[in-house]
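>>> Model the following, please.
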Amino acid sequence: MTIQRIDAGWAGLQVVAHHQLGDYHGLWLFRHHASLCLSAPPDSVEDIQAVVRPHTVDSLFSEGSIRGLWRPRIEQIVGPAYQGYVEWPQFRSVHHPGVRALARSEQAALQQLADACGVDAWEHAGIALDEPHVFGCFVDDHVVAVARYRPAWGETAHIGVVTHPAYRGRGYGRAVLSAATANGLEAGFTVLYQTLLANLTLSPTLDIDTRRRAAR
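The predicted structure follows:
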């Protein structure tokens, strides 16, 4: 089946029940070209289908439309966010001599980086101090960027990455992202990458597939 046939089959609006999102009591919007899929709690699917039926993909996928349709029930809107993936044939590694896997005994170095990055940036990266598969970039014996992959559903793994504020824009985040991605691919995973569109600077360098573009 070609991408064109898949796009044609999913064109327009689709409302489906949550699957991997489990008991998440929220609405997830995923846009790909002319397609918009809304994932909703199972008991809300029919009601949401009725609400969105008069709308087009373009008119619905905006913060204004979302707030207009569901204002009384909205606590927070996150996004738009980039959703991408990479497999071995497309992956291009980025080498840096200061990058290596971190041992769990190096939690103090991770904590120093977490303190420098601030709570919001560290939480967005989703990196735990004691988890495996973490890679750091060292400059003058200090960890200035880290990334990790974490096994998720099926044969997929999710990436988290963060860079010290004083060292951003120098390729350190890209280097640790590459190391974590390569390690995840070597372990047999399809590696997924998600970030807010405002933060999207790393994925094109590694050929992470940009066809799966935006979600809220």
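>>> Give me the contacts around the one helix or strand Y193 maps to.
Following DSSP states H and E, the helix or strand that holds Y193 is strand 190-196. Applying C-beta atoms under 8 Å, 6 or more residues apart in numbering, the contact partners of strand 190-196 are 78-87, 124, 149, 152, 155-159, 177, 181, 184-185, 202-203, 208. (Glycine included, C-beta is placed from N, CA and C.)
>>> partners of it, with directions?
For strand 190-196, the paired strands and their directions (DSSP bridges) read strand 81-86 (antiparallel), strand 156-163 (parallel).
>>> Can you give me the buried ones in stretch 17-36?
For stretch 17-36, the buried set under the neighbour-count rule, 16 or more other C-beta atoms under 10 Å, comprises H18, G26, L27, W28, L29, F30, R31, H32, S35, L36.
>>> can you pull the contacts of the third one?
Shown in contact with L27 (C-beta under 8 Å, 6+ apart): L38, S39, A40, S44, I48, W70.
>>> so which pair among those residues is furthest apart in space?
By the measure C-beta to C-beta, S39 and W70 form the most distant pair in those, at 14.3 Å.
>>> which of the two has more neighbours?
Between S39 and W70, counting by other C-beta atoms under 10 Å, S39 is the more crowded of the two (21 against 13).
>>> Now do the host helix or strand of that one, average pLDDT.
Of the helices and strands defined by DSSP H and E, S39 is found in strand 35-40. Strand 35-40 shows a mean pLDDT of 89.
>>> Using CSV, write down the CA coordinates of it.
Output in CSV follows, covering the C-alpha atoms of strand 35-40 (Å, rounded to 0.1, in the frame of the first residue of the first chain):
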residue,chain,number,x,y,z
SER,A,35,-6.2,14.3,7.6
LEU,A,36,-7.1,15.0,11.2
CYS,A,37,-7.5,12.2,13.6
LEU,A,38,-9.0,12.9,17.0
SER,A,39,-8.4,10.3,19.7
ALA,A,40,-10.9,10.5,22.6
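>>> next SSE after that strand?
helix 45-52.
>>> Other residues contacting that next one?
Everything outside helix 45-52 that qualifies as a contact, by C-beta under 8 Å, 6+ apart, is L13, V15, V16, A17, L27, L38, A40, L60, L69.
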